[in-house]
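1. Here's a sequence, model it:
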Amino acid sequence: MRKAFSIAELMIVVAIIGILAALAIPYVGDHAAEAKEAAAKDNLRVLRDSIRFYAVRHGDVSPGYVDNDPETVPTAECFRQQMIVAENFLRKVPANPFNNLDTLRIIQNNEAFPAEGTGAFGWIYQPATGNVRVDWPGTDPRGVPYADY
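-> Numbering: from 1, shown residues only. From the prediction side, this is the model:
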């Protein structure tokens, strides 16, 4: 009566497990990237909807301006104060799922959006247009720049 596995049997089992793991890792990696892309799109939807709701309640002035005066210089601190503390449009600024940052790079009224993100901030936001984009360089697997989400 045999009570233990031979070394050859153990080596075969370890080899099979290794092969299965090698096949599964790329599949899991692809889904992780897809999950981040979906989270980025959803977080953008939340931010864009909240910005639109704020503008509707404040005479078409997007958040970020001091005293809702579009002639003032917009700031990220003012955006947070208006959207989270004063108005409760957001509980918090959602994090960019690619870099886990919730910070805002504010684009001034006369400044153009950068062609591509840098990843230094969570989001790129221009109060003059109400436009917000992901601050992340590169493209998704379909060739769409993350900045164009």
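
2. quick one: the worst-scoring helix or strand of the chain on mean pLDDT to chain centroid distance?
-> Least confident helix or strand, the chain: helix 7-57 with a mean of 86, by mean pLDDT, DSSP states H and E. Computed by C-alpha atoms, centre = their mean, to the nearest Å, the chain-centroid distance of helix 7-57 equals 14 Å.

3. and that helix, what does it pack onto?
-> If you count contacts as 3 or more C-beta pairs under 8 Å, 6 or more residues apart in numbering; DSSP states H and E, helix 7-57 packs onto strand 131-134. Backbone N, C-alpha and C define where each C-beta goes, glycine included.

4. Report the mean per-residue pLDDT for the strand it packs on.
-> Strand 131-134 shows a mean pLDDT of 96.

5. Walk me through which strands that strand pairs with, and which way each runs.
-> If you go by DSSP bridges, strand 131-134 pairs up with strand 123-126 (antiparallel).

6. For the partner strand, give the mean pLDDT please.
-> Averaged over strand 123-126, pLDDT sits at 98.

7. Determine the number of other residues adjacent to residue 88.
-> 9 (other C-beta atoms under 10 Å).

8. how about it, secondary structure?
-> Three-state assignment for residue 88 (DSSP: H, G, I helix; E, B strand; the rest coil): coil.

9. For it, give me the pLDDT.
-> Reported pLDDT for residue 88: 88.

10. Could you tell me how far it is located from residue 109?
-> Here residue 88 is placed at a distance of 26 Å from residue 109 (C-beta to C-beta, to the nearest Å).

11. Residue 52 too?
-> For residue 52, the distance to residue 109 - C-beta to C-beta - is 18 Å.

12. Then residue 59?
-> Counting by C-beta to C-beta - residue 59 and residue 109 are separated by 17 Å.

13. again, but for residue 20
-> The value you get for residue 20 to residue 109, if C-beta to C-beta is used, is 56 Å.

14. The two: who's more crowded?
-> Applying other C-beta under 10 Å to residue 20 and residue 109 shows that residue 109 carries more neighbours, namely 13 against 10.

15. My read is that that one contacts residue 72, right?
-> No - Residue 109 lies out of contact with residue 72 (C-beta atoms under 8 Å); the separation is 10.0 Å.

16. Which secondary structure state is assigned to the residue nearest to residue 95 when sequence neighbours are not counted?
-> Take residue 95 and drop its neighbours on the chain: the residue closest to it by C-beta to C-beta, 6 or more residues apart in numbering is residue 102, 4.6 Å away. Following three-state DSSP, the label given to residue 102 is coil.
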